[in-house]
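Q: Below: sequence and its predicted model.
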Amino acid sequence: MSTQTQLSRRGALAVAAGAVSGSLLWPGSGSAQAQKPAELKVGITTFLSGPASVFGVPARHTAEMLFEEINRAGGIGGVPVRALFVDEAPGTDHLVGEFRRLVQNEGVHVMFASISSGSCLACTPLSDELRKTTILWDCGTQRIFEEGRHPYAFRTQGYATPEVLAPLLYLLKTRPDFRTLAVINQDYAWGRDSWEIWKTAMDALKPGVRVVAELFPRLGAPDYSTEVTRLLAARPDVIYSTHWGGDLVTLVRQAAERRLFDRSTFVLPVAEASLQILGRTMPAGHIIGTRGDHWNNHPRPRDPARLSRFVESYRRRQNEYPIYPCHHMYQAISAMQAAYEKAIAAKGGGWPNDQELAAAFRGLEFATPTSTITLREDGQGLEDQIVGVSSFTDRFPFAVPKDMIIFPAAMVSTPVGQKSVDWLKTLKPDLLAQVPAPIAG
Amino acid sequence: MAGWLEQNALLLGLALLDGLAYAALVFMVAVGLNMVFGVLRIINIAHGSLFAIGGYAAASLGLFLAARGLPDWTGYVALVLAAALVGGILGPVIERGVLRRIYGHEQVLQLLVTFALFMILEDAQKLIWGVQPVSNDAPLRLLGTVDVPFGEDVIPFTAYQLFVLPGVALATLVGLAWFLRRTLTGRVIVAVTTDREAATAMGIDARRVFLLTFTFGAGLAALGGALASPTTTLVPGLGAATIVLSFAVVATAGLGQIEGAAISALLIGIGRSAAVYLAPEFEVVVPYLIMVAVLLVRPQGLFGVVETRRV
Amino acid sequence: MRRGAEISLALLGVAGVLAAAWAAPWLRFVLTIALAKGIAVLGILLLLRAGQVSFGHALYLSSGAYVVAFLAPSLPEALLLLPLAALIAGLIGLVAGLFLARYRDIFFGMLNLAISMVFYSLLEKLYELTRGTDGIRVEPPRVAGLALTLEAYVWAMLLVALVLAVGFGMLVRAYLASPMGQALAGIKTRETRLEFMGVSARRVLLAAYVLSALMGGVAGAIVGMTTRHVTPLLAYWTTSGELVFIAILGGAGGALGPFLGAVTYELVRVYAAAAFAEAWQAILGVVLLLVILFAPGGLWGMLLGLLGRRPGRAP
């Protein structure tokens, strides 16, 4: 921590206590943008407490690990990077205050915003207001870029529409004969939105499926016995659930114990992050997704050495495999590195200001271990989606997908300028003909 | 029409079975909270955290024993042992270290002290067990499932939820009732609950009773968590969610009431699972609606008697 | 405490807030939120005078914020939204209060909690209406008919909060000194005596409750217009706990206590979160514990002690 910010903090406290000592208070480095800074500060908002910290803390560990690696290799453009973390859990008023503090007082150069869609919806307008490049590094809501323009915000991974549409297409492609379906989603925005997306697309691609139960238990429910009983009694062909984290673990365990997996095929688009904890409890033969293409057993990664290096060094540090938020963090950091390189090159070696940095992000193409992601003109990243069927191998002590299908991002993403639900209504069953064949094994 | 009725009667039968298991868990938490209130006159907001910590401890201990290659049944021993450890350590630490200093203070301060404890325990739990979901379902798997007939069909229920949970809750209820009415220590506790001044005047050492009751209540909360750990998944935030639910049970029951806690846990447990079948939209608000409805009619709770005998 | 001394302390506080906000831009937002919460805590203070703790005032805070969220698109004027939020929160307070004023002590606290949790669940559940946990974005409304730049808007909200804080502070001070306020203290000490004197304790408590709900609504409206994004978390029980926390931290003595407490609370939270992002909650818990165990008069009491006066009730 630099002495300057230390002083300004203490100064601020002193003022609040009534003693005015103005000279110590000027913000750290907000105006010195165009010169090369002593360090590149990155503000990262993530869940460090509450149920979603199952995503937030591994992502934090990833950021710390990668920043160390970057600094060992000489930083970005010769400048060492430093992360400042903010907890999303205390609520929007705290988060918005912290975002402002990081930008206006700490003088961060880039913000990474949020796991929760609510947090992202609160932070993107701030990026407009403060003109601060903000990477939406994990949240999935389709509303951000479909309901407004945000010149300083960029999402370096996929989002809700492709993450739901890809598993649906996988189901329609591999098991087209189902007639009844039940949904059990967490009762909040993601659970509701992901059901609306699924239902709209399903009605367009396979009309006439009967929905026999729509269950929306509350977020963080400790027990699903009643829901499981109801699903057992209803006997749907397919059960769709976008549960995540501890909730998904509870649901799978209770359903598996009572043989619900024998009666119905599950489609679990966010399963990946919970599979390690579930271990052998996760039944084989059900459709699983990972909110992107970053499975640790990706069948044909772009850079296999880089992928296994990342997976192994994360395992060494944390004693567990990285989960999808780790990969999303990796993508955000890769995008930041690529954008700085692009901006510095465009300026002939000079350090970019906020506008120049944001300009570098637009249309940016950057490499991840598994593939290449392009940021569209609206700021949305195009990330491929991989869906497969849960299975067990000797390599992993937990379920991994087999018979994977790689869905090209453009095929499953809403075109720029359209709203997801409107676009999904226009889908035709012949879309299935374009779906690539599963990669055997 | 008759078919519809029959079908739904069957469904409600299933809801009853689900509600029973849920009620058993809720009762375990609420009864400890209620006893502590009866004696100490403190609503312990950190009670939910003790539930969560009990669950974590039980899961860790169970996994530890299993990793040592001990037989599966030791998993059940782990549940009880973990609860006893959590209650036996945290109970006295909290009572002696913190609560003892504020017995004479205003009620709001007492409430806030436990709120502070809640905040501290939530973070402490995170520091110890991390944020990844923790679970150990060995005790659940060991007993297998029981097929309950459902018309032509059968619905598998786990034996653990069908028998163990309600069984332990019932044993706790009966055991507590016996303890409080038939043993000397129990009667002392009842005496302090009923009239603290008179009991102290008669030479009862109220401080010892406070310590004992709080430790016992903490142990019950931890046992609730331990019993829940095979079926649920332990994640940060569990304590916060548990405590509001147990408040609802306790206030519905009448403060200090033990049998009342059992009845209102049943009411809330079955009400909630019936809502999942009939009106899933209202599942979350059912406990509070039951509570408000009961308190509208009986402001002292179902079994609360205005300032007379409690427990 | 003498009236003059309290006024000069208040003026000093106003000057301190303005100086801090002028010097450090990020503090403008934090101080606005702190002042808003201080206003809500004034309401808690009223009820505390009667010995009653509400563990559900997040209900009024969030209803004020959601009034702003729902009405701002059709009525983009801060000076109209504020009284509307006050009115609606006050009405909710009246309806709930008619029921709640019958209860005392732990039942009063728990029923407040239950009602606020029902409200919280509904905010989460009625997805079509409230957008669930995603929450609702609030576009900056006009202030006194002026469409301000964002920079000026942040200042305007701080000034609005400051004026309202001073106004409500004076109102609560006067209210506590009035017969209605004295009767509140009567509920705490000996309620039956009040009834013998022909004063309806229920009506006394109800009046204070409605006033506290109204102030909660105003506070929520400020929070909503300042954060410009409203989510159900504002109605969760931990937010209610936070308000009571601030009340005790500040000290239940005078009308300045809540603001002292709120500013301290927000700053401790910001610094604890910056230094120990994973344990800020435990740090706040320890602070609270220390205050209760060693300075039960709160910061206000400590301040009075420093000024050489015995902590006591003002006025």
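A: Ah, there it is.

Q: Nearest spatial neighbour of residue B:134, chain-adjacent residues omitted?
A: Once flanking residues are discounted, residue B:134 sits nearest to residue B:234: 4.5 Å by C-beta to C-beta, 6 or more residues apart in numbering or on different chains. Every residue, glycine included, has its C-beta placed from N, CA and C.

Q: correction: residue A:257
A: Spatially, and ignoring its direct neighbours in sequence, residue A:257 is nearest to residue B:158 (5.5 Å; C-beta to C-beta, 6+ apart).

Q: Can you give me the distance of residue C:15 to residue C:8?
A: Distance of residue C:15 to residue C:8, given as C-beta to C-beta, to the nearest Å: 10 Å.

Q: how near is residue B:273 to chain A?
A: In this view, residue B:273 and chain A are 4 Å apart by C-beta to the nearest C-beta, to the nearest Å.

Q: you'd agree that residue is up against residue B:19?
A: Yes: if you go by C-beta atoms under 8 Å, residue B:273 and residue B:19 touch, sitting 3.9 Å apart.

Q: Now do stretch C:64-80: everything it contacts.
A: Counting by C-beta atoms under 8 Å, 6 or more residues apart in numbering or on different chains, stretch C:64-80 makes contact with C:81, C:84-86, C:88-89, C:123, C:130, C:135-139, C:141-145, C:156-157, C:160, C:216-225, C:230, C:234, all of which sit outside it.

Q: Now do that stretch, average pLDDT.
A: Here stretch C:64-80 scores 94 as its mean pLDDT.

Q: cool, and stretch A:252-270?
A: The average of the pLDDT scores along stretch A:252-270 is 94.

Q: tell me which parts of the stretch 101-250 of chain B are close to chain C?
A: B:101-102, B:105-109, B:111-113, B:115-120, B:122-124, B:126-127, B:240, B:244, B:247-248, B:250 (C-beta under 8 Å from any C-beta of the partner chain).

Q: wait, what's in contact with the residue nearest the centre of chain A?
A: Note on chain A: the residue nearest the mean C-alpha position is residue A:138, at 2.7 Å, using C-alpha atoms, centre = their mean. By C-beta under 8 Å, 6+ apart, the residues touching residue A:138 are A:46, A:55, A:59, A:114-115, A:157, A:325, A:328-329.

Q: now residue C:286
A: The contact partners of residue C:286, taken as C-beta under 8 Å, 6+ apart, are B:116, B:120.

Q: ok, it to residue B:119 distance?
A: Distance check for residue C:286 against residue B:119: by C-beta to C-beta, it reads 8 Å.

Q: for residue C:10, same thing?
A: Counting by C-beta to C-beta, the gap from residue C:10 to residue B:119 is 31 Å.

Q: Have a look at these two and say which one is more surrounded.
A: A direct count of neighbours by other C-beta atoms under 10 Å in any protein chain shown for residue C:10 and residue B:119 places residue B:119 higher, at 27 against 19.

Q: so who does the nearest residue to that one once chain neighbours are set aside touch?
A: Nearest residue to residue B:119, sequence neighbours excluded (C-beta to C-beta, 6+ apart): residue C:285, at 3.2 Å. Going by C-beta under 8 Å, 6+ apart, residue C:285 touches B:115-120, B:123.

Q: from those residues, which single one is nearest residue C:185?
A: Relative to residue C:185, the closest of the contacts of residue C:285 is residue B:115; by C-beta to C-beta it sits at 24.5 Å.

Q: what about residue B:296, neighbour count?
A: Here the number of neighbours of residue B:296 (other C-beta under 10 Å) works out to 11.

Q: burial of the closest residue to it other than its chain neighbours, as a residue count?
A: With sequence-adjacent residues excluded and distances taken as C-beta to C-beta, 6+ apart, residue B:296 is closest to residue C:99, at 7.2 Å. By the measure other C-beta under 10 Å, the count of residues near residue C:99 is 13.

Q: Give me the pLDDT value at residue C:99.
A: Confidence at residue C:99, expressed as pLDDT, is 87.

Q: That one reaches residue C:92, doesn't it?
A: No: applying C-beta under 8 Å, one finds residue C:99 not in contact with residue C:92, separated by 11.5 Å.

Q: And the next helix or strand past whichever strand or helix holds the residue nearest to residue B:119?
A: Assigned by DSSP states H and E, residue C:285 belongs to helix C:280-294. Later in the chain than helix C:280-294, the nearest helix or strand by DSSP H and E is helix C:298-306.

Q: Name the residues of that following helix that are buried.
A: C:298-304 (16 or more other C-beta atoms under 10 Å in any protein chain shown).

Q: got the contact list for residue 215?
A: The chain I'm using is chain A. For residue A:215, the contacting residues are A:182-185, A:227, A:230-231, B:276, B:280, by C-beta under 8 Å, 6+ apart.

Q: Can you look at chain C instead?
A: Listed by C-beta under 8 Å, 6+ apart, the contact partners of residue C:215 are C:39-40, C:42-43, C:60, C:86, C:168.

Q: Can you give me the neighbour number for the residue nearest to residue B:109 when sequence neighbours are not counted?
A: Closest residue in space to residue B:109, ignoring its immediate chain neighbours: residue C:292 at 5.3 Å, by C-beta to C-beta, 6+ apart. The tally of other residues near residue C:292 (other C-beta under 10 Å) stands at 25.

Q: hang on, isn't residue C:292 packed against residue B:108?
A: No: using C-beta under 8 Å, residue C:292 is not in contact with residue B:108, being 9.7 Å away.

Q: between those two, what contacts are shared?
A: Common neighbours of residue C:292 and residue B:108 (C-beta under 8 Å, 6+ apart) are residue C:248.

Q: returning to what we had before: what's the burial count for the residue nearest to residue B:134?
A: Residue B:234: 28 neighbours (other C-beta under 10 Å).

Q: Next: residue A:188.
A: The burial count assigned to residue A:188 is 23, neighbours taken as other C-beta under 10 Å.
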